[in-house]
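Engineer: Sequence below, structure please.
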Amino acid sequence: MPELDRIMNVALALADASSCRASNSWRGDLDVAYKADGSSLTEADLSIEEMWRERIRRDFPSHGILGEEFGSDAGASAYTWVLDPIDGTRQFATGLLNFASLISVCREGFPVLGIIDLPLPRVRYVAAHGQGTIFDGRVVRSSGQREIEPSKISLANPDSFAGDTAPGYERLRASGRLRVFDGGAPAYGALSRGLIDICLNGDDLDPFDICALCPVVTEAGGVITDWEGQPLSLTSSGAIAASASPELHSTVLSMLGSPHESGESV
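Structural biologist: So this is what the prediction gives:
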């Protein structure tokens, strides 16, 4: 069995186990703590990542691991697992539904496998290099939309756009046919199945927020980069954008640039 297929089998088993644990926790009495940066933390964040790490160390002892809750363990192979047990803990901890569990594997620093698992309603997006994007057992594709005017746009929490990212956010917020807000990782999954055309996040992301999104978007025909148009990797952080087609992405990047770059008068 090719190595990536073997990794995928384990990643899916991890997602199966965490989905049950996350949904059960969400239904129960959530005990919410807060990290030093003010972000939310629940027992599910900790227990899921611990469970994942134990299985990965057992099955792939040479692989590296980078997780949101327990940091980085260097590996001796080309592969690194990038883990976010509850992406959207703020929503999870307040009883909302737009959270996900994110599992990614990077090879030589670049994402080659991504899972966006939605414990509620128990569906997931799965993608691996050269194998397409699968949602609920079927292959999905982005809309291929090329124009900004009819686009459906998902914008992250407005509080995440500050300083240099604020003008670009405002330009996108005034564009498109339809705008939704604070969709989190599920919005990038929705882009892969043609329901959203553009996703935009501000400069508050880390690699464990980013890596799983990349194969899901690109294997469905979309494009995902940082705001400068650079590829995303294990070391990426900050603002990102995804679009349903290369043509649309080019337009989005021009709008995210400086007023001069985006064609506005100064």
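
Engineer: mind listing the helices for the stretch 151-266 of the chain?
Structural biologist: 166-173, 185-192, 207-210, 213-218, 246-256 (DSSP state H, counting those that start in this stretch).

Engineer: right, and the ones you listed - which one's nearest Arg53?
Structural biologist: Taking Cβ to Cβ, helix 207-210 is the member of these nearest to Arg53, at 12.8 Å. Any C-beta I mention is one placed from the backbone N, CA and C, and that applies to glycine too.

Engineer: My read is that Arg53 contacts Leu66, right?
Structural biologist: No - the pair Arg53 and Leu66 does not pass the contact test of Cβ atoms under 8 Å, sitting 10.5 Å apart.

Engineer: Quick check: neighbours shared by those two?
Structural biologist: Common contact partners of Arg53 and Leu66 (Cβ atoms under 8 Å, 6 or more residues apart in numbering): Asp73, Leu83.

Engineer: Tell me which of those two has more neighbours.
Structural biologist: Legend: neighbour count by other Cβ atoms under 10 Å for Arg53 and Leu66, higher for Leu66 (23 against 18).

Engineer: Help me confirm that that one is found in a strand?
Structural biologist: Yes - under DSSP: H, G, I helix; E, B strand; the rest coil, Leu66 falls within a strand.

Engineer: partners of it in the sheet?
Structural biologist: Beta-bridge pairing of Leu66 under DSSP bridges involves Ser72, Val82.

Engineer: next one: Tyr125
Structural biologist: Ile116, Phe135.

Engineer: quick one, what contacts it?
Structural biologist: Contacts of Tyr125 by Cβ under 8 Å, 6+ apart are Gly114, Ile115, Ile116, Thr133, Ile134, Phe135, Val140, Gly189, Ser192, Arg193, Val216.

Engineer: List the contacts of Asp136.
Structural biologist: So Asp136 contacts Val123, Arg124 (Cβ under 8 Å, 6+ apart).

Engineer: quick one: it from Arg193, how far?
Structural biologist: 9 Å (Cβ to Cβ, to the nearest Å).

Engineer: any common contacting residues for those two?
Structural biologist: With Cβ under 8 Å, 6+ apart, Asp136 and Arg193 have no common neighbours.

Engineer: tell me the domain boundaries of this structure?
Structural biologist: Following the assignment in automatic domain parsing, the chain carries domains at 3-139, 152-256.

Engineer: Deepest-packed of those, please.
Structural biologist: domain 152-256 (a mean of 21; mean count of other Cβ atoms under 10 Å).
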